[in-house]
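>>> Predicted coordinates and the sequence they were generated for:
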Amino acid sequence: MAVTDELTCDDFLGGLVRVQQPKRGYRAGVDPVLLAASIDAKPGQTVLELGCGVGVASLCLAARVPDLSITGVELQENYAALGRTNASRNATPLDVVTADLRNLPEMIRQSRFDHVMMNPPYFDRRAGSASDDDGRDLALGGDTPLADWLDIGARRVGPRGYLTIIQRMERLPEVLGALQGRLGAMVLLPIAGRVGKASELFLLRARQEGRAPFRMAPPLIMHAGTAHTRDAESYTPLLRDILRNAAALPFGV
């Protein structure tokens, strides 16, 4: 699919960020916004996003924290091109590089970052069938093992820097196993749709040279109430603040 194919223009952070993305195929939603909100970046720091797609997470982070140096890596050229377009339209100095994670450009392989963030494919390609849309298939399944994402990400984290990942809960053992002995001070933030519901997603932060023991934060609840009862937005006040006002998501909520 070329970047001239049918696109939509979508608002994030209450219109603070506007992005073009394909009408069909993989479309960014809430998850990259939560990932961006969880990054405790400071002005002047460096950030690497692996698998940046059309740039939603990086652009949301840049909208909240000024003066960051952000590099995004995206395998699919059409999505990477949209990421560059979106960066320009949002006047954000996001540098999007088209590359395979397993063959990063020399400039990235020789760099280490204060923050590395990622939203890898949620599903194991070996355990499911492919989508009929190539972009969606790569985004949701891909052909790069999750362990490779984490190994590559961990290698790019600078001294006392952080790696942050959002992923499905059933893949938590893989994530912990891949990072064990590599990064420390891990903090797990489960994400549940409602009170009393099992967490389907999680955010995990780990630190280079971190020595604090593993900690699990109280779950982040996305919707108020115990069930969906009417056709209306039901985000909790914290989620609404994150999604509409670019609020930060502290680990420990």
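That came through, no problem. Residues are numbered from 1 along each chain as shown.

>>> what about the closest residue to residue 53 other than its chain neighbours, is that helix, strand or coil?
Spatial nearest neighbour of residue 53, chain neighbours left out: residue 79 (5.1 Å); criterion: C-beta to C-beta, 6 or more residues apart in numbering. Just so you know, the C-beta spots here come from the backbone N, C-alpha and C atoms, and that holds for glycine as well. Three-state call for residue 79 (DSSP: H, G, I helix; E, B strand; the rest coil): helix.

>>> got the residue ranges for the helices in the chain?
30-37, 56-64, 77-89, 106-109, 134-140, 146-155, 172-179, 237-245 (DSSP state H).

>>> thinking residue 12 is in contact with residue 19, fair?
Yes - the criterion here is C-beta atoms under 8 Å, and residue 12 meets it with residue 19 at 6.7 Å.

>>> what residues do those two have in common as contacts?
Common neighbours of residue 12 and residue 19 (criterion: C-beta atoms under 8 Å, 6 or more residues apart in numbering): 28, 56, 59.

>>> pLDDT score for the residue nearest to residue 53?
Predicted confidence (pLDDT) for residue 79: 96.

>>> you'd agree it is up against residue 51?
No - Residue 79 is not in contact with residue 51 according to C-beta under 8 Å; the separation is 9.3 Å.

>>> quick one, which of these two is more surrounded?
residue 79 (27 against 24; other C-beta atoms under 10 Å).

>>> For the more buried one, give its distance to residue 70.
Distance of residue 79 to residue 70, computed by C-beta to C-beta, to the nearest Å: 16 Å.

>>> low pLDDT regions in the stretch 151-253 of the chain?
Along the stretch 151-253 of the chain, the parts satisfying pLDDT under 70 run over 228-232, 253.

>>> 90 - rerun?
225-234, 251-253 (pLDDT under 90).

>>> quick one, strands of it?
157-168, 184-192, 199-207, 215-216, 220-221 (DSSP state E, counting those that start in this stretch).

>>> Now mean neighbour count and distance to residue 239 too, for these, in CSV please.
Formatted as CSV, these follow (neighbours: other C-beta atoms under 10 Å; distance: least, C-beta to C-beta, whole Å):
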stretch, mean neighbour count, distance to residue 239
strand 157-168, 20, 14
strand 184-192, 20, 10
strand 199-207, 21, 13
strand 215-216, 12, 20
strand 220-221, 22, 8
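
>>> can I get those strands in TSV with distance to residue 247?
Output for the strands of the stretch 151-253 of the chain, formatted as TSV (distance: least, C-beta to C-beta, whole Å):
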stretch	distance to residue 247
strand 157-168	17
strand 184-192	15
strand 199-207	15
strand 215-216	22
strand 220-221	12
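
>>> Pick the one among the shared contacts of residue 12 and residue 19 closest to residue 164.
residue 56 (15.1 Å; C-beta to C-beta).

>>> so what's the closest one up against?
12, 17, 19, 21, 28, 32-33, 36.

>>> mind running it again at 7 Å?
12, 19, 28, 32-33 (C-beta atoms under 7 Å, 6 or more residues apart in numbering).

>>> what's the pLDDT at the most centrally placed residue in the chain?
Nearest to the mean C-alpha position of the chain, by C-alpha atoms, centre = their mean, lies residue 119 at 3.8 Å. Reported pLDDT at residue 119 in the predicted model: 97.

>>> Against residue 67, how distant is it?
Applying C-beta to C-beta to residue 119 and residue 67 gives a distance of 24 Å.

>>> Repeat that for residue 204.
Distance from residue 204 to residue 67, by C-beta to C-beta: 26 Å.

>>> got it, and residue 192?
34 Å.

>>> So for stretch 59-72, first residue to last residue, what's the gap.
10 Å (C-alpha to C-alpha, to the nearest Å).

>>> Residues contacting it, please?
Looking at what lies outside stretch 59-72 - C-beta under 7 Å, 6+ apart - the contacts are 12-13, 16-17, 19, 32-33, 36, 39, 41, 43-49, 52, 55, 58, 83, 86-87, 90, 92, 94-97, 108, 246, 248.
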